[in-house]
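> Test case, fold it:
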Amino acid sequence: MCSTLAGPRHDESDQDPRDEVRMELANRLFFRLYQCANLLHKTGSRAVESEGLTTQQWAVLGALSRPEVAVGMSVNDLARYLMVSRQNLSGVIGRLERDGHIRRAYDERDRRSRLIRMTPSGRVVWQDKARPKIRAYYEDALQDFSVGDLTHMVHYLLKMLENMKQIDQRVIESEPAETP
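Numbering: from 1, shown residues only. This next block holds a predicted model:
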């Protein structure tokens, strides 16, 4: 490999041992996040499966249940909020709509645009059935965590999320523009 592509060569003795420790810890952290996400999908789905929901549907209903979006959200805004692609969201939205939990309605401010809103029956499923089960799931998953532990974890995850958003933005900006 050309040294200009590989960067300057370093003797193993030149490396700061803290860099290797940091890399090992980073690897463990991201792997544990991966495992947590996989188990959330598996065990979280079990928590709400009796309501006919998946963790993805739980996330959509949770996003739509926030008071600030009572009028609804566009698919683009919902995808941005959940940090998923529109393509990944369309199947979830379709199933929630089929089950009567959400509906698409014209945006009163822009009749060309449609908003996704939770239906009254969707609110009942969310508020009265799913949320108590989700709360119990959270309590089990977070047993032995203090309020301080949770506050610190949220702080650090938000900090990492912000860094990851910046990486994503740099990747998007470096991609060649699509030509029509």
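> In the protein, which helix is the longest?
helix 147-174 (DSSP state H).
> Now that helix: average pLDDT?
Throughout helix 147-174, pLDDT has a mean value of 94.
> In the chain, mark out all the strands, start to finish.
In the chain, the segments counted as strands under DSSP state E are 102-107, 110-118.
> So for Gln15, which of the ones you listed sits nearest?
Nearest to Gln15 among these is strand 110-118; the distance by C-beta to C-beta comes to 51.0 Å. Placement of C-beta: from N, CA and C, glycine included.
> Quick check: which helices or strands does the longest helix of the chain pack against?
Of the remaining helices and strands, none touches helix 147-174 by 3 or more C-beta pairs under 8 Å, 6 or more residues apart in numbering; DSSP states H and E.
> Pull the distance from it to the chain's centre.
Using C-alpha atoms, centre = their mean, to the nearest Å, the mean C-alpha position of helix 147-174 is found 12 Å from that of the whole chain.
> Can you point out the buried residues in it?
Of all the residues in helix 147-174, not one is buried under the rule 16 or more other C-beta atoms under 10 Å.
> Over to stretch 114-130?
Within stretch 114-130, the residues that count as buried by 16+ other C-beta under 10 Å are 115-119, 122, 125-126, 130.
> mind putting those residues in CSV, pLDDT and distance to Ala136 included?
Below are the buried residues of stretch 114-130 laid out as CSV (pLDDT from 0 to 100; distance: C-beta to C-beta, whole Å):
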residue, pLDDT, distance to Ala136
Leu115, 93, 31
Ile116, 95, 27
Arg117, 95, 27
Met118, 95, 22
Thr119, 96, 25
Gly122, 95, 21
Val125, 95, 16
Trp126, 96, 15
Ala130, 95, 11
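> Let me know the closest of those to Ser85.
Ile116 (15.6 Å).
> This protein: helices as residue ranges?
Going by DSSP H, the chain shows helices at 3-6, 17-39, 45-48, 55-64, 75-82, 86-98, 120-124, 131-141, 147-174.
> JSON lines for these, including distance to Arg104?
Converted to JSON lines, these look like this (distance: least, C-beta to C-beta, whole Å):
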{"stretch": "helix 3-6", "distance to Arg104": "50"}
{"stretch": "helix 17-39", "distance to Arg104": "29"}
{"stretch": "helix 45-48", "distance to Arg104": "23"}
{"stretch": "helix 55-64", "distance to Arg104": "12"}
{"stretch": "helix 75-82", "distance to Arg104": "9"}
{"stretch": "helix 86-98", "distance to Arg104": "7"}
{"stretch": "helix 120-124", "distance to Arg104": "13"}
{"stretch": "helix 131-141", "distance to Arg104": "24"}
{"stretch": "helix 147-174", "distance to Arg104": "28"}
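> Kind regards, and thank you for your time.
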